[in-house]
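J.: Sequence and computational prediction follow.
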Amino acid sequence: MTDPYNPQQQYAQAPQFAQGPQYPVPPQPPVPEKKKRKKWPWILGIVAVVIVIASVSGNSGADKPNTPAGATAPVAGAPEAPDAPAVKPADKPTPGLNTPVRDGKFEFVVTDVQTGLSEVGDNPYLQQKAQGQFVVVTMTVSNTSNKAKSLSPSDQKMYDSQGREFEADPMAAINVGSDVPVWDQINPGNTVTVKAVYDMPVGAVPDHIELHDSMFSGGAKVSLR
């Protein structure tokens with residue numbers, strides 16, 4: 001017997017509804033995961049395109065010769081114009097007789113050249129005989145400085161046509177009336193006459209003389225031809 005005042009019995013005796021037939025649920029296909037797109041193939045593609053464009057632009061510029069403005073581009077197959085020969089500066093002519101030259105503080109003027117002398121000097125006791133031939137070079141020397149300077153004929157070098165160098169003979173110069181036969185001081189503003197004597201082989205041809213302010217100076221070349 002059901003107690004109407006007992007709620008638990010009321011709910012326990014509640015009518016049960018019949019359930020319909022149970023159908024099996026069909027299997028669902030798996031949902032594919034979204035694949036993440038890789039970015040590096042796109043980056044490589046962009047880099048490749050940039051390289052191709054750059055190479056094409058470079059080749060197009062390299063194929064075109066650089067032609068200055070106003071110049072005519074060379075015609076294909078035309079012979080190239082030969083290069084213009086280099087123009088060498090003309091050598092200054094070597095000063096000759098009676099032409100002033102300077103070295104250091106001295107100004108030299110060669111006035112005369114004597115060749116083929118077998119001996120020099122009038123004094124039989126001081127007379128000098130040449131081993132070959134004596135060549136006497138007469139010159140004037142002026143001191144252009146503001147103080148006395150020494151001059152030595154031995155500092156003046158003679159060269160023949162074969163390029164051989166000869167030194168002055170001071171003993172022979174004593175007998176030819178030179179103002180400075182061996183060594184002397186020349187006061188500022190003064191001019192002296194010097195005769196430098198050279199003992200050269202017979203047949204040797206004097207070519208030029210190199211005149212020096214001192215044995216350490218650069219020298220001034222005078223042609224004797």
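T.: That came in fine, so what should we check first?
J.: Quick one: low-confidence residue ranges for this protein.
T.: Using pLDDT under 70 as the threshold, the predicted model of the chain has low-confidence ranges 1-45, 47-50, 52, 54-85, 88.
J.: Run through the strands of it in chain order.
T.: Taking DSSP state E, the strands of the chain run over residues 101-103, 106-120, 128-143, 149-151, 157-160, 165-166, 184-186, 191-200, 206-211, 220-223.
J.: right, and those strands - which one's nearest residue 94?
T.: strand 220-223 (4.4 Å; C-beta to C-beta). (Each C-beta comes from the backbone N, C-alpha and C, glycine too.)
J.: quick one: strands adjacent to the closest one?
T.: Strand 220-223 pairs in its sheet with strand 206-211 (antiparallel), by DSSP bridges.
J.: sorry, back to before: could I get the strands of the chain in CSV, plus columns for mean neighbour count?
T.: Formatted as CSV, the strands of the chain follow (neighbours: other C-beta atoms under 10 Å):
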stretch, mean neighbour count
strand 101-103, 16
strand 106-120, 17
strand 128-143, 19
strand 149-151, 18
strand 157-160, 19
strand 165-166, 14
strand 184-186, 16
strand 191-200, 21
strand 206-211, 21
strand 220-223, 18
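J.: quick one: the helices in the protein?
T.: Ranges of helices within the chain are 7-12, 40-63, 170-173, based on DSSP state H.
J.: Show me what the shortest one packs onto, helices and strands only.
T.: So the one you mean is helix 170-173. In this structure, helix 170-173 makes packing contacts with strand 128-143, strand 191-200, judged by 3 or more C-beta pairs under 8 Å, 6 or more residues apart in numbering; DSSP states H and E.
J.: and of the strands of the chain, who's closest to residue 93?
T.: Each of the strands of the chain has some distance to residue 93 by C-beta to C-beta; the shortest is strand 220-223, at 8.2 Å.
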